[in-house]
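**Student:** Next input, structure requested:
(one chain, ligands or ions: 3)
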Amino acid sequence: MHPREQTIFALSSGRPPSAIAVVRVSGSQAGAALRELAGAIPVARTAKRVLLRDSVGEAIDDAVILWFPAPASATGEDVAEFHIHGSRAVLNVLIAALSSIDDARAAEPGEFTRRAFENGKIDLTEAEGLDDLIHADTDRQRRQALRQLQGLLGDRARGWRKQLIDASAWIEAGIDFADEDDVPEDLARPAMEKIAQLRREIEQTLAASVRSERLRDGLTVAITGPPNAGKSTLLNRLARREAAIVSPHAGTTRDIIEVYLDLDGYPVTLIDTAGIRETDDPVEQEGVRRARDRAAKADLVLWLSDDHGGEPDQTIRSGETSLWLIRNKIDLSSPENDAAKQGQPAAETRQGTGERQFEISAWRGDGVDDLVAALTAFAEALLGSGEAGVITRLRHRNILRDAAATLEKAEALAGEGDELIAEELRIAIHFMGQLLGRVDIDDILDSVFKEFCIGK
Ligand SMILES: Nc1nc2c(ncn2[C@@H]2O[C@H](COP(=O)(O)OP(=O)(O)OP(=O)(O)O)[C@@H](O)[C@H]2O)c(=O)[nH]1
Ligand SMILES: [K+]
Ligand SMILES: [Mg+2]
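**Tutor:** Ligands and ions are numbered 1, 2, ... in the order given. The predicted structure follows:
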């Protein structure tokens, strides 16, 4: 039997141990699985409590089962659900029993969703939204994924595709009737107007969605600076836990330490790095190399220093990465120092450089709230509210950019020959099909669904 026709099963809930685990079965043998393990198929879509037994009659677990006959199921196939106690032992016995059913096998990542897509339950953009929803960490990501799952981009792409087909029909009609007298004088003009309008709509959608792709991925903030500036202390304070080792020994941190922050719904990965200095220690050298590397890739670098100084060098300053200068350990400052610094307030932009400055005590907490507020504002500026954006992936952006370019080409061909315009329209229609997952199915699907988790 072809793998696509086999019955698949997987743990669809979280990792054991858990109070309850849900194992889903989808395919023609789902009913057989229920008969084999529960003795009978229950009433459709009604929970039933049963004692599951294996093939020799040995009890497996006291469980709840559900039956969703095709096509009214999540995948469009027969689906059975086993709600069991979430221990590794119970799960292993159930999975072993399901494996022994003919033509049943463990599901590949994303295979349930792929079947739902192949059976027309969802389009590809909705499948992607589903994946994003499962992986959403913050509330803003959740809302964006849900809009995608509800078909916001899919609906728009379907509308564009339909209008392109209409425009194409007008153009083709012009070609077919070109020799006859009673053809409407100019079929091409309304078609060309429609094409120009669609191109503008696609371009507007692209422009409005620049930040929604970023919201899906979140942004990265790197803490760098000389050894002992208090980088790990700041990371721990922002993370509200002892994620990194803090010590008075210069050169404590060598590996990159990552913590995840939810700043008012904006996902931020904060990284702590090795203190940057010249050193003979090969391990520390590698740490410094990694620190520079990650700083260059970050969206924002926080350069932390204390009264012992340490200015960011050119490699840290170069590139598109934003840089904020943060003086730490202000709790140690003497009153004279403070007097000298008057007229040079914190959280100001340094004249000419565009680099913001902050003064904090990572240890005592002074100034940290202001820093967090500034980070949140930075995230908002970069990621936006996401409400207007419907494009959440590079895949969407690339396809729509190509579609807009194709329509632009079609517009430029006005007067050059309807056959040429019709060909560009066919290409643009093909792009909309790709977006929805209707054409070039296999390559697109393989790359989209391999990101999914098993059991989904
Ligand atoms: N007084 C004071 N001490 C601090 C502050 N922040 C950090 N320290 C101390 O400075 C020392 C170094 O702190 P770390 O957080 O390990 O510094 P680091 O920049 O991560 O150091 P490396 O990983 O070695 O580069 C520790 O003894 C901290 O307790 C602060 O705001 N005030
Ligand atoms: K240290
Ligand atoms: Mg450190």
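
**Student:** So the residue of the stretch 101-250 of the chain found nearest ligand 1 versus ligand 2, what's the distance?
**Tutor:** Minimum separation of the stretch 101-250 of the chain from ligand 1 (CB to the nearest ligand atom) falls at residue 230, amounting to 2.9 Å. Backbone N, C-alpha and C define where each C-beta goes, glycine included. Distance of residue 230 to ligand 2, given as CB to the ion, to the nearest Å: 8 Å.

**Student:** And the next helix or strand past the helix or strand bottoming out on mean pLDDT in the chain?
**Tutor:** Across the helices and strands of the chain, the lowest-confidence element by mean pLDDT, DSSP states H and E is strand 348-349, at a mean of 50. Scanning forward in sequence from strand 348-349 by DSSP states H and E, the next helix or strand is strand 356-359.

**Student:** Remind me which helix or strand the most centrally placed residue in the chain belongs to.
**Tutor:** In the chain, the residue lying closest to the centroid (CA atoms, centre = their mean) is residue 216, at 4.0 Å. Per DSSP H and E: residue 216 is located in helix 210-217.

**Student:** Just name whatever secondary elements that helix is in contact with.
**Tutor:** Judged by 3 or more CB pairs under 8 Å, 6 or more residues apart in numbering; DSSP states H and E, helix 210-217 is in contact with helix 139-149, strand 266-272, helix 368-383.

**Student:** ranking those by burial, who's on top?
**Tutor:** Highest mean neighbour count among the helices and strands packed on helix 210-217 (mean count of other CB atoms under 10 Å): strand 266-272, with a mean of 23.

**Student:** what does the average pLDDT come to for it?
**Tutor:** Averaging pLDDT along strand 266-272 yields 94.

**Student:** and if you look at stretch 100-112?
**Tutor:** Per-region confidence: stretch 100-112 scores 93 on mean pLDDT.

**Student:** Any residues of the stretch 151-300 of the chain in contact with ligand 1? List them.
**Tutor:** Within the stretch 151-300 of the chain, the positions adjacent to ligand 1 are 227-233, 246-248, 250-253, 274-275 by CB under 6 Å from any ligand atom.

**Student:** can you do 5 Å?
**Tutor:** Within the stretch 151-300 of the chain, the positions adjacent to ligand 1 are 227-233, 246, 248, 251-253, 275 by CB under 5 Å from any ligand atom.

**Student:** Throw those into CSV and include distance to residue 315, secondary structure and pLDDT, thanks.
**Tutor:** Formatted as CSV, those follow (distance: CB to CB, whole Å; DSSP: H, G, I helix; E, B strand; the rest coil; pLDDT from 0 to 100):
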residue, distance to residue 315, secondary structure, pLDDT
227, 17, coil, 96
228, 20, coil, 96
229, 17, coil, 97
230, 22, coil, 97
231, 17, helix, 97
232, 22, helix, 98
233, 24, helix, 98
246, 26, coil, 97
248, 27, coil, 96
251, 19, coil, 95
252, 22, coil, 96
253, 19, coil, 96
275, 15, coil, 95
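
**Student:** Wait, the residue of the stretch 101-250 of the chain closest to ligand 1 touches residue 306, no?
**Tutor:** Yes. Assessed by CB atoms under 8 Å, residue 230 is found in contact with residue 306 at 6.5 Å.

**Student:** what residues are shared contacts of these two?
**Tutor:** 328, 329 (CB atoms under 8 Å, 6 or more residues apart in numbering).

**Student:** Between these two, point out the one with more neighbours.
**Tutor:** For residue 230 versus residue 306, neighbours defined as other CB atoms under 10 Å are more numerous around residue 230 (22 against 19).

**Student:** In a strand, residue 289, correct?
**Tutor:** No. Residue 289: not assigned to a strand; according to DSSP: H, G, I helix; E, B strand; the rest coil it is helix.

**Student:** okay, it: pLDDT?
**Tutor:** With respect to pLDDT, residue 289 scores 95.

**Student:** before we move on, what about residue 185?
**Tutor:** Looking at residue 185, its pLDDT reads 51.

**Student:** give the contact list for whichever residue of the stretch 351-456 of the chain sits closest to ligand 3.
**Tutor:** Going by CB to the ion, ligand 3 is nearest to residue 362 of the stretch 351-456 of the chain, at 10.8 Å. Residue 362 makes contact with 230, 233, 234, 237, 304, 328, 329, 368 under the criterion CB under 8 Å, 6+ apart.

**Student:** now do residue 4
**Tutor:** Going by CB under 8 Å, 6+ apart, residue 4 touches residue 118.

**Student:** Next, count neighbours for the one residue in the stretch 201-350 of the chain that gets nearest to ligand 2.
**Tutor:** Residue of the stretch 201-350 of the chain nearest ligand 2, by CB to the ion: residue 252 (3.6 Å). If you count neighbours by other CB under 10 Å, residue 252 ends up with 17.

**Student:** Could you tell me which residues make contact with it?
**Tutor:** 227, 232, 245, 246.

**Student:** Among those residues, name the buried ones.
**Tutor:** Using 16 or more other CB atoms under 10 Å as the burial test, the contacts of residue 252 include 227, 232, 246 as buried.

**Student:** contacting residues for the last one?
**Tutor:** The reference is to residue 246. Each residue near residue 246 by CB under 8 Å, 6+ apart is listed here: 232, 233, 236, 252.

**Student:** So which residues on the stretch 201-350 of the chain come close to ligand 3?
**Tutor:** Contact residues (CB under 5 Å from the ion) of the stretch 201-350 of the chain with ligand 3: 231, 232, 252, 253.

**Student:** ok, the first one - how many residues close by?
**Tutor:** Close neighbours of residue 231, defined as other CB under 10 Å, add up to 33.
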